[in-house]
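Trainee: The following comprises the amino acid sequence and a computationally predicted model.
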Amino acid sequence: QKEVEQNSGPLSVPEGAIASLNCTYSDRVSQSFFWYRQYSGKSPELIMSIYSNGDKEDGRFTAQLNKASQYVSLLIRDSQPSDSATYLCAVGFSNDYKLSFGAGTTVTVRA
Amino acid sequence: GAVVSQHPSWVICKSGTSVKIECRSLDFQATTMFWYRQFPKQSLMLMATSNEGSKATYEQGVEKDKFLINHASLTLSTLTVTSAHPEDSSFYICSAKLFTDTQYFGPGTRLTVL
């Protein structure tokens, strides 16, 4: 069973603060890691992908990957009310291109 | 780039009827598409992997005779829910794979079976 676990929410942060989301995965051969954002009633949209250990920054978003610890995180800096959504961590495995999704962490940014 | 469309966006049908949902990659060719189902307050559940020109691969517990998948071209995959029942009411979302295993999702189809 390839498991992906996310820190339980909901996570409430004030506007302008940093939101920190965590994700752990069980399979050591995992190759690719993604963060998706899903607004209520909508489908997921890709925020970040990361493949190598370290940090990857894109605007206000930073993904961090530590394969040794089987851990991937997402930081949202200067959080805005429009960032209020459910964030899904997804892990890819090299042999079949399928993704395993975590249950999601719901973030609420308070104005 | 990497735009995926779905049609219809919502559908209401009577129990026992069949419903077809289309998934199209608009600006790229997708040899592999995926179909997911999502119930309220739950995460995505992969139903099947759709490969162009071959039979779909279904996840364990998904009835292949009930959820018919056809991937006849590099830009179109269809999911047909046959003899739909109220318990099939859900949010059905397709995705298309671009390059490695990056998946881009369609907007989803909300199915309500009365």
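Mentor: Structure received.
Trainee: and the closest residue to B:Ala30 other than its chain neighbours, how many neighbours?
Mentor: Taking Cβ to Cβ, 6 or more residues apart in numbering or on different chains as the measure, B:Ala30 lies nearest to B:Ala96, with 3.7 Å between them; neighbours along the chain are not counted. Where C-beta positions appear, they are placed from N, C-alpha and C, glycine not excepted. Look at B:Ala96: counted by other Cβ atoms under 10 Å in any protein chain shown, it has 27 neighbours.
Trainee: and B:Ala96, what does it touch?
Mentor: B:Ala2, B:Val4, B:Cys23, B:Ser25, B:Phe28, B:Ala30, B:Thr32, B:Met33, B:Phe34, B:Gln103, B:Tyr104, B:Gly106 (Cβ atoms under 8 Å, 6 or more residues apart in numbering or on different chains).
Trainee: what about the first one, neighbour count?
Mentor: Just to be clear, that refers to B:Ala2. Around B:Ala2 there are 16 other residues, counting by other Cβ under 10 Å.
Trainee: So for stretch A:40-57, what gets flagged as buried?
Mentor: Of the residues in stretch A:40-57, A:Ser43, A:Pro44, A:Leu46, A:Ile47, A:Met48, A:Ser49, A:Ile50 count as buried by neighbour count, 16 or more other Cβ atoms under 10 Å in any protein chain shown.
Trainee: Alpha carbons of it, in PDB - could you do that?
Mentor: Below are the C-alpha coordinates for stretch A:40-57, written out as PDB (Å, rounded to 0.1, in the frame of the first residue of the first chain):
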ATOM      1  CA  SER A  40     -14.500  23.900  -2.800                       C
ATOM      2  CA  GLY A  41     -16.600  22.400  -5.600                       C
ATOM      3  CA  LYS A  42     -13.800  22.600  -8.100                       C
ATOM      4  CA  SER A  43     -11.200  20.200  -9.400                       C
ATOM      5  CA  PRO A  44      -7.500  20.200  -8.300                       C
ATOM      6  CA  GLU A  45      -5.000  22.600  -9.900                       C
ATOM      7  CA  LEU A  46      -1.300  22.100  -9.900                       C
ATOM      8  CA  ILE A  47       0.700  24.400  -7.800                       C
ATOM      9  CA  MET A  48       4.100  22.800  -7.600                       C
ATOM     10  CA  SER A  49       6.100  19.800  -8.600                       C
ATOM     11  CA  ILE A  50       9.400  18.800  -7.100                       C
ATOM     12  CA  TYR A  51      11.700  15.900  -7.900                       C
ATOM     13  CA  SER A  52      15.000  16.600  -6.100                       C
ATOM     14  CA  ASN A  53      15.900  17.100  -2.500                       C
ATOM     15  CA  GLY A  54      15.900  20.700  -1.300                       C
ATOM     16  CA  ASP A  55      13.700  23.700  -1.900                       C
ATOM     17  CA  LYS A  56      11.900  24.900  -4.900                       C
ATOM     18  CA  GLU A  57      10.300  28.300  -5.000                       C
END
